[in-house]
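In: What follows is a protein structure lacking sequence information:
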Ligand SMILES: NC(=O)NCCC[C@H](N)C(=O)O
């Protein structure tokens, strides 16, 4: 089936043309807010506000380096500093943005703020996950226009997946990856914790925690896998943002993963992320909500 003229191109690897972010200044607001929130939100350590601002600026420069337009999401009283991780509150379908319904209760207000801002900016909102349905954007990867992977885990439930399928329609194959318990319901463990697309048929994966059916499905569809070594999983080696095909942003401290991606022909930008990624476990994919890709 051909892609209609006004359909969004759905993939996670095309050159970024438009992307939404929220700066630490609007998500974290101040060191006092960070100090009040980091433990209740289950962060590993206390992020430093000034370091976060500097690290985020560098990420933005890299993204703008491929010509992407950056849209900044606003601050809002109802948001916690988890709102830095803008990917999770929305996902996409061919007709526009789908607002999510967060599996982490403390993040419940985020999709509403995304929606309000997108509507004001003229970005089409095509649907929303509601009621008992839970979906977070980090649990969804679009492989192409007609194939999408979604995780069933602690952040995305069966009712959320049912609603997502209804919104994307019968022409899209939705492959469900049932995640393992791993560290339990209070940890953050998304589909994108174990897979990051690098190119159309090239995926960075952490196989030890991959559902067998999902891994086999990728292989059956001709995908090649670059493996993250065990010692680089906890340091977010597997959370890598493609800003163009085989051009990626990764968190520093994962040299073997970097070497393997370079051996697969990737250009790798390494960012310092001691404040914006490591404490809250949100890597470059979580920090960005791509809206338009080539
Ligand atoms: N897509 C992602 O993996 N997002 C990371 C979100 C981290 C945030 N501290 C959370 O627990 O939701």
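Out: Everything's here; your move. Please read all numbers here as calculations on a predicted model, not as lab measurements.
In: Now do the phi/psi pair for the residue in the stretch 101-250 of the chain that the ligand sits nearest to.
Out: Relative to the ligand, the nearest point of the stretch 101-250 of the chain is residue 138 (2.4 Å; CB to the nearest ligand atom). All C-beta spots, glycine's among them, are computed from the backbone N, C-alpha and C. With angles defined as degrees, to the nearest 10, residue 138 sits at phi -70, psi -10.
In: And for it, the neighbour number?
Out: Neighbour count for residue 138, taken as other CB atoms under 10 Å: 28.
In: just the one 3 residues further on next, same as before
Out: As a burial measure, residue 141 scores 26 neighbours (other CB under 10 Å).
In: doesn't it fall inside a strand?
Out: Yes: remark: residue 141 belongs to a strand, assigned using DSSP: H, G, I helix; E, B strand; the rest coil.
In: Can you tell me the closest non-neighbouring residue to it?
Out: residue 149 (4.8 Å; CB to CB, 6 or more residues apart in numbering).
In: do the same with residue 274
Out: residue 51 (6.3 Å).
In: List the contacts of the one helix or strand the one you found maps to.
Out: Per DSSP states H and E, residue 51 falls inside helix 49-64. Residues outside helix 49-64 that contact it (CB atoms under 8 Å, 6 or more residues apart in numbering): 16, 19, 21, 23-25, 28, 30-31, 34, 70, 84, 243, 249, 269, 271-277, 284, 287-288.
In: ok, now with 6 Å
Out: 23-24, 28, 31, 34, 70, 243, 249, 269, 271-273, 275-276 (CB atoms under 6 Å, 6 or more residues apart in numbering).
In: Could you do stretch 70-77 as well?
Out: 19-22, 26, 60, 86, 113, 117.
In: Can you report how many residues lie near the residue nearest to residue 274?
Out: Around residue 51 there are 15 residues (other CB under 10 Å).
In: what's the spacing between it and residue 81?
Out: 14 Å (CB to CB, to the nearest Å).
In: Residue 103 now?
Out: For residue 103, the distance to residue 81 - CB to CB - is 18 Å.
In: Can you classify residue 196 by secondary structure?
Out: strand.
In: chain center to the helix holding residue 51, what's the gap?
Out: Counting by CA atoms, centre = their mean, to the nearest Å, helix 49-64 is centred 17 Å from the centre of its parent chain.
In: swap in stretch 142-161?
Out: Distance, centroid of stretch 142-161 to centroid of chain: 12 Å (CA atoms, centre = their mean).
In: next one: stretch 223-236
Out: The answer for stretch 223-236 is 17 Å, by CA atoms, centre = their mean.
In: right, is it up against the ligand?
Out: No: Stretch 223-236 is not in contact with the ligand by CB under 6 Å from any ligand atom; minimum separation 9.2 Å.
In: got the contact list for residue 163?
Out: 129, 133.
In: avg pLDDT for whichever helix or strand it is part of?
Out: If you go by DSSP H and E, residue 163 is part of helix 158-168. Helix 158-168 shows a mean pLDDT of 98.
In: burial measure for residue 134, as a count.
Out: 23.
In: The ligand contacts on this protein?
Out: 41, 82, 85, 87-88, 104, 107, 138, 188, 190, 192-193, 280-282, 286.
In: Could you identify which of those has the most neighbours?
Out: residue 88 (30 neighbours).
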